[in-house]
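Participant: pasting the sequence and the predicted coordinates here, then a few questions.
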Amino acid sequence: MMDILHQVISFLVETIGSLGYIGIFALMFLESTFFPFPSEVVMIPAGFLAHKGEMNIYIVLLMGILGSLGGALLNYYISKTLGRKLLLKYGHYIWFEEEKLIKMENFFKSHGEISTFNGRLIPVVRQYISLPAGLSKMNIVKFSIYTVLGASIWVVILTLLGYFLGSNQDLISEYLKQITIVTLVTIVIISFIYLKYKK
């Protein structure tokens with residue numbers, strides 16, 4: 001099992017190395033859309049390549065963040081232009097009536113910034129947080145700023161894991177779990193403070 005894992009890691013490192021910075025952008029773009037592609041398999045190997053001196057860590061970080069923003073903007077525009085029409089037409093098939101849509105839009109208009117920022121830090125949610133933002137027609141500048149802020153934190157964490165731990169998959173998995181837990185706890189605390197402030 002470990003041999004297969006090391007082979008996969010080696011393949012990803014070689015692939016990202018051959019595709020270069022454009023490859024990082026493209027893969028992170030995919031990761032931020034509907035494509036189920038984990039950012040861990042992009043940014044951690046990229047960080048390792050930066051450690052080996054084969055890539056510039058600052059350009060790696062920039063490409064990762066820009067790719068995340070690009071994919072998020074694609075989801076945002078799809079949701080903004082088609083989402084409401086599709087939900088109103090077919091939503092009743094999945095028990096999603098217009099009343100629920102209006103509530104969701106109102107919630108996001110009031111709390112869109114914190115929702116976008118937090119969503120970018122939560123696994124699985126980060127790919128889809130752009131959809132309610134598009135549905136509620138959240139200000140595109142605010143959406144971009146909070147997307148970049150949230151995405152930057154995650155991209156930096158993954159890149160530094162690859163940079164300092166290299167190909168030690170056991171240590172990476174252990175630290176990634178711990179970081180995810182700490183991140184989720186931090187999100188809960190930030191959300192609590194935010195709601196108290198809003199009240």
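Facilitator: Good, I have the coordinates.
Participant: now the helices for this protein?
Facilitator: Per DSSP state H, the chain carries helices over the ranges 2-31, 40-51, 57-78, 84-90, 98-119, 125-128, 130-135, 140-165, 169-198.
Participant: tabulate these (TSV), appending mean neighbour count and mean pLDDT.
Facilitator: Backbone N, C-alpha and C define where each C-beta goes, glycine included. Shown next, in TSV, are these (neighbours: other Cβ atoms under 10 Å; pLDDT from 0 to 100):
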stretch	mean neighbour count	mean pLDDT
helix 2-31	16	71
helix 40-51	25	85
helix 57-78	21	93
helix 84-90	13	64
helix 98-119	16	72
helix 125-128	18	78
helix 130-135	23	82
helix 140-165	20	90
helix 169-198	13	70
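Participant: would you mind measuring from the residue nearest to Met138 when sequence neighbours are not counted to Asn139?
Facilitator: In space, Met138 comes closest to Gly112 once its chain neighbours are excluded; the distance is 4.4 Å by Cβ to Cβ, 6 or more residues apart in numbering. Between Gly112 and Asn139 the computed distance is 8 Å (Cβ to Cβ, to the nearest Å).
Participant: just Val188 next, same as before
Facilitator: For Val188, the distance to Asn139 - Cβ to Cβ - is 26 Å.
Participant: ditto for Leu30
Facilitator: Counting by Cβ to Cβ, the gap from Leu30 to Asn139 is 26 Å.
Participant: also Ser18?
Facilitator: Going from Ser18 to Asn139 by Cβ to Cβ gives 39 Å.
Participant: same check, this time on Ile189
Facilitator: Distance from Ile189 to Asn139, by Cβ to Cβ: 26 Å.
Participant: repeat for Ile145
Facilitator: 9 Å.
Participant: and Leu73, by the same measure?
Facilitator: Here Leu73 is placed at a distance of 13 Å from Asn139 (Cβ to Cβ).
Participant: and what of Ile114?
Facilitator: 14 Å.
Participant: how about Pro123?
Facilitator: Pro123 is 26 Å from Asn139, by Cβ to Cβ.
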